[in-house]
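Asks: here is the input, now give the coordinates:
(one chain, ligands or ions: 2)
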Amino acid sequence: MLGNVAQVDTISQPAAVLDPEQHRESTPIERPWWRNAVVYQVYVRSFADRNGDGIGDLAGVRSQLPYLRDLGVDALWFNPWYPSPLADNGYDIVDYRAIDPAFGTLEEAEQLIAEARELEIRTIVDVVPNHVSSEHPWFREALAAAPGSFERDRFWFRSGRGEDGAQPPNGWQSIFGGPAWTRVEDGEWYLHLFAPEQPDLNWTHADVWAEHEDVLRFWFDRGVAGVRIDSAALLVKDPALAEEPSDPGPGQHPFMDRDELHEIYRRWRAIADGYADPRVLVGEIWLADAERLARYLRPDELHTAFNFDFLACPWAPAPLRASIESALAAHEPVDAPTTWVLSNHDVTRPVTRYGRADTSFSFEGRRAGTPTDLARGTRRARAAALLSMALPGSLYVYQGEELGLPEVEDIPAERRHDPMWLRSGGLDPGRDGCRVPLPWAGSRPPYGFSAAGTTTPWLEQPGDWGPLTVEAQSGAPESMLELYRAGLHARRSAPWGDGAELEWQPSIPDVLAFRRGERFVCLVNFGPDPVKLPAGADVLIASNELEGGAVPHDTTVWLRQAEVRPARPSRTETSNDSGQGKEGR
Ligand code: GLC
Ligand code: CA
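Replies: Numbers count the residues shown, from 1 in each chain. Ligands and ions are numbered 1, 2, ... in the order given. Model prediction:
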């Protein structure tokens, strides 16, 4: 029975049966905001440039706050906006209590935080506790001080091995490639898990604890709603500097996910909870083990963590279902909401990733020049967006994701900035391609990112982004931007009712379908053949036009079932248990 879809079966009327405004008034907010927030990630350098120097700035963000409000986001997460020599695009910080002059001033940041709040948008700032810039006063002091000094002890200075200590203290490798140690003039070596310009702090040193707790208070006192904690599972190192075992047990790795970390985050949580409007801690934690990840989300630790398993998952029903199930199952015992993340400033843009033969993401696996079909990738990214918006928990949107920007893969070598590219000799394509400045309007670069006729943006934009600008997509019913706007507004109206849990529905292997609440169903068709809608279902929104009332390939629909069901079946009554979703079609 495909009857009921006729009035609302295309994306040109995506949310026709919903009235978010009405719903907002009638639904009191019972749970803390962050449990189901939509957080928009602002990479300031590439968002909007108001003074025409080719670098995005806070004035640019302030001018586009109405755009963000209309998109329907609850919070902004700003990548590091602090003074930095830019060895790692701002993740090498010189002063944690100031704003990079290229972006603006501290007063302006305070204004921005307040203006956003007036639009009901909260602000989350990035903090980087694992390392500082090699230009940071502490590291300069350490270099000037003698081996064994108090100043050096804030970092990991050690003598080398071998004759004259010419070999690094151990074999740890930098996450950006090459040894994790660099030698200084007097012969000692210092540890850097990332670039040499990012020396690692020693988290057994009391100064390091005190300083970071003070930095948290500094920003919380300025009205930020929370922090995103960079490399949150790396801070603590094995003081014996043991070599990396090939298959470390839980908590056994010498610099990842060590048990002592939890004590740091308990302290931070107490600080965050000390505010009348408690602040929120979000961890950047890349861990394959969902249970180990959830340990950081115990009620007295972090509030949420990025769900990178979902981001890295191939576009295929069985792995996606497994990923969703494992995330929900691991978060449940600690009563933390899951997050749903499709992209960020470190990973290949979804429309490019999903257009490839291998749709999964890994840092090790990505290679420049891997062929992609952008039309297919875009179609899947649309379906993935609506899927992620329908899942229970909070959602992250990385700037440009809502425009369907592709990864820019042909940036000339001399214009690249990313140490991942530089340190791998170009083998790793790096992350510049997902950091290209946003196209706002017009048919030529800089597409309104900077005022026309000013300098070229810090990373050049492609010549064919005219159709991807905010201007070009606004009001175009089939655009990615309108899908995000409609999807986020529909999500805000909570068509599933009150925080309802997910319950899988019987379906063929090519389909994922789940119910939330009494009448809401989200259905994704991954297979080549159109799938009939369940009898008596209204389509609330669809990621692509339906075909004769059926859901075509790589399409997500949100449905409202006609009738309230008499009873809830048990959660085990599912369909895909045979799990033979086809991958990599
Ligand atoms: C995090 C950031 C990344 C940065 C790294 C080192 O993974 O997301 O951009 O390069 O930490 O700070
Ligand atoms: Ca600027």
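
Asks: what about F306, how many residues nearby?
Replies: Applying other CB atoms under 10 Å, we find 20 residues neighbouring F306. All C-beta atoms are positioned from the backbone trio N, CA, C, and that covers glycine.

Asks: what does the closest residue to it other than its chain neighbours show for phi and psi?
Replies: Closest residue to F306 apart from its sequence neighbours, by CB to CB, 6 or more residues apart in numbering: V341 at 5.1 Å. Summarising the backbone geometry of V341 under the convention degrees, to the nearest 10, its torsions are phi -130, psi 130.

Asks: hmm, T304 and V341 touching each other?
Replies: No. In this structure, V341 is not within contact of T304 by CB atoms under 8 Å, at 10.5 Å.

Asks: just the closest residue of the stretch 101-250 of the chain to ligand 2, please.
Replies: With CB to the ion as the measure, the residue in the stretch 101-250 of the chain that lies nearest ligand 2 is A102; the distance is 6.5 Å.

Asks: quick check: closest non-adjacent residue to that residue.
Replies: Computed as CB to CB, 6+ apart, the closest residue to A102 that is not its neighbour in sequence is I55, at 5.0 Å.

Asks: for that neighbour, give me its contacts.
Replies: Taking CB atoms under 8 Å, 6 or more residues apart in numbering as the definition of contact, the neighbours of I55 are R45, D49, A102, F103, P457, W458.

Asks: and for the second one, the neighbour number?
Replies: Read that as D49. Residues within reach of D49, counting by other CB under 10 Å, total 27.

Asks: wait, isn't it in contact with S450?
Replies: Yes. Using CB under 8 Å as the test, D49 is close enough to S450 to be in contact (4.2 Å).

Asks: joint contacts of these two?
Replies: A shared contact of D49 and S450, defined by CB under 8 Å, 6+ apart, is any residue touching both; here these are P437, P457.

Asks: contacts only, for the residue of the stretch 1-150 of the chain found nearest ligand 1.
Replies: Closest contact between the stretch 1-150 of the chain and ligand 1, by CB to the nearest ligand atom, is at Y91 (3.3 Å). Residues in contact with Y91, defined by CB under 8 Å, 6+ apart, are P80, S84, V128, F194, Q198, D230.

Asks: so which residues on this protein come close to ligand 1?
Replies: Residues of the chain that fall close to ligand 1, judged by CB under 6 Å from any ligand atom: D88, Y91, V128, F194, D230, S231, E284, H345, D346.

Asks: do that again at 8 Å, thanks
Replies: Proximity of the chain to ligand 1, by CB under 8 Å from any ligand atom, involves residues 79, 88-89, 91-92, 128, 130-131, 175-176, 194, 198, 230-231, 284, 286, 344-346, 419-420, 431.

Asks: among these, which are in helices?
Replies: Using DSSP state H, P419, M420 are the members of the residues of the chain next to ligand 1 that sit in helices.

Asks: PyMOL command to pick out the buried ones of the residues of the chain next to ligand 1?
Replies: Here is the PyMOL command that selects only those of the residues of the chain next to ligand 1 that count as buried (16 or more other CB atoms under 10 Å):
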select buried, resi 79+88+89+91+92+128+130+131+175+176+194+198+230+231+284+286+344+345+346+419+420+431
